[in-house]
Structures are given as structure tokens and as C-alpha cells.
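J.: output the structure for:
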Amino acid sequence: MKITEFKCENSQEEIAILHHRLKSIEYLTKLIETKQAEFVFKSEDLRTTLLVINAETFEEADRTLKADPLFPYSRLTVTPVTTTAEMVEEAQDYLGEQILSPAEIAHLVPPPVEIDDNQTYIFAVKTQAAFNPLVTKKEYDEILRKTLRSQRLHADQKEIADYNPVGIPDGYLYLQISSIEEARSHVAKAEIYPYTIVDIQKIFTLKQASEISFNRLNELQEKVKVL
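T.: Residues are numbered from 1 along each chain as shown. As a prediction, this is how the structure comes out:
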């Protein structure tokens, strides 16, 4: 799920959105505590929330998202996702081949995410464009094999989660890693890397985002007092 805040044009609007954001962070923290969300991050400019929620139905997800205090002041993008392990099993069924062993697939199921507010996190979106119609089935199948072999990288402890949007050959990768440069070096090791476009950005934990937002709010309020 991606929640993008209203773009403020002046200090008065920014002060208002910061109040809503801080209330939202409290709400999102409770979602994590009650296991309704796997994890939540904020984009580097703090305007976008990236979250993975656990819901049995779309109706349940709808209620959870609309209860966020930021909901009236944001635009939401809801994307159903599958896990890496599920993607591997689907691709191997299509090929009729076993590229990764059952043990390797089992190892792709991530453990519960534990966020460390003292660490740096990176979000990478891996996009694969539609293939040229002159690409043959044989060539496409070989690219798919490279995709499958690339999944072995997910065993690296730098990666905390990797999801694939339903019906779209992309990937959403979350890493606990020191820098964007190190993250790019990591994803470039994948055999499928030359066939993808990778956008990498720094993200903040909820606690980090709360502290930055609180300081910004105080800064703006002090300026208003001076004026």
C-alpha cells in the first residue's frame, strides 16, 4: 500500500498536515503492535507511507486504511502482492522445471520483520518492461530462468522483505543496508538485473519519521510566532 499526502503550498498547510501525520504515525504504530501490519516506512520526504498490511478480505483492508487519520488528506494506491516463494513456485510450474530446490524455496519465506530505529533502510522498486514482440518463447523462458536463479540473493540478511505485485512482473524490495550505493551494488548482483529498471530510495522508520516531523512542526510554529 502507498499513501501519498496532500502537497502543501504554504506553512499553514504544512503545519496542519504535520499534525495529521503525527496522529497517523500513532495509528500505524498500533497496527504493527496488533500484527495488522507487517511493517510501515516513510519515504525520504515523509509525504509517502509504504506499508504492508495483513487482511483476510478487501473489505477488512478498506476499513483499516480508511481509519488512518491521514486518509482524508491523501491518495492511496492499493496493490495486492505475492511473496517471492509464491512467485518462484508459479514460474517453475510454467516452465515445468525445478530451478530452486524445495529447501531453497522454504528459505525464501521471510521471518517476521523486526525494525531497528537505529539502522538505515532502503526501498528498491524493480521494474521489468514489456518485452519486444520479436523475443521468442525460448528467449523469454531463459530470462525467466535467470529471474528464478536471481531469487537466491534474497537469502542475504540485508534483505528484510521482497514482494511481487499481482499480475505485474515487478518487485518491491526492502533492505536494511548502509547506503543507496551499497543497495544498488547488492541488486546488481542479480542475474536478471540487466533486464530491469531499479529505482532505489532511502526510507525512514515510523519513529525516525515522527522525530523529524515533530522537529519540523516546532520549527514552523516558532516561525509563525515570530511573524
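J.: residue ranges of the helices in the protein, please?
T.: Secondary structure of the chain, counting by DSSP state H: helices at 11-33, 58-66, 84-95, 102-107, 137-150, 180-187, 206-226.
J.: take those helices and lay them out in a markdown table including distance to residue 78, mean neighbour count and mean pLDDT.
T.: From N, CA and C alone the C-beta is placed, and that goes for glycine too. Below are those laid out as a markdown table (distance: least, Cβ to Cβ, whole Å; neighbours: other Cβ atoms under 10 Å; pLDDT from 0 to 100):
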| stretch | distance to residue 78 | mean neighbour count | mean pLDDT |
| --- | --- | --- | --- |
| helix 11-33 | 15 | 17 | 96 |
| helix 58-66 | 7 | 13 | 94 |
| helix 84-95 | 19 | 16 | 94 |
| helix 102-107 | 27 | 13 | 91 |
| helix 137-150 | 25 | 15 | 95 |
| helix 180-187 | 25 | 16 | 94 |
| helix 206-226 | 20 | 14 | 91 |
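J.: Serialize those to JSON lines and add fields for distance to residue 172.
T.: Rendered in JSON lines, the data for those read as follows (distance: least, Cβ to Cβ, whole Å):
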{"stretch": "helix 11-33", "distance to residue 172": "18"}
{"stretch": "helix 58-66", "distance to residue 172": "17"}
{"stretch": "helix 84-95", "distance to residue 172": "10"}
{"stretch": "helix 102-107", "distance to residue 172": "19"}
{"stretch": "helix 137-150", "distance to residue 172": "15"}
{"stretch": "helix 180-187", "distance to residue 172": "12"}
{"stretch": "helix 206-226", "distance to residue 172": "18"}
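J.: quote the end-to-end distance of stretch 162-173.
T.: Looking at stretch 162-173, the gap from its leading to its trailing residue is 4 Å under the measure Cα to Cα, to the nearest Å.
J.: relative to residue 193, which of the helices of the chain is closest?
T.: Go through the helices of the chain one by one with Cβ to Cβ and the one that ends up closest to residue 193 is helix 180-187, at 6.3 Å.
J.: elements contacting that closest one?
T.: Other helices and strands packing on helix 180-187, by 3 or more Cβ pairs under 8 Å, 6 or more residues apart in numbering; DSSP states H and E, are strand 121-127, strand 171-176, strand 197-204.
J.: relative to residue 18, how far out is residue 32?
T.: Here the criterion is Cβ to Cβ, to the nearest Å. By it, residue 32 lies 21 Å from residue 18.
J.: residue 59 now?
T.: Relative to residue 18, residue 59 is positioned 31 Å away (Cβ to Cβ).
J.: one more: residue 35?
T.: When distances are taken as Cβ to Cβ, residue 35 and residue 18 turn out to be 28 Å apart.
J.: again with residue 129
T.: Using Cβ to Cβ, one gets 38 Å for the distance from residue 129 to residue 18.
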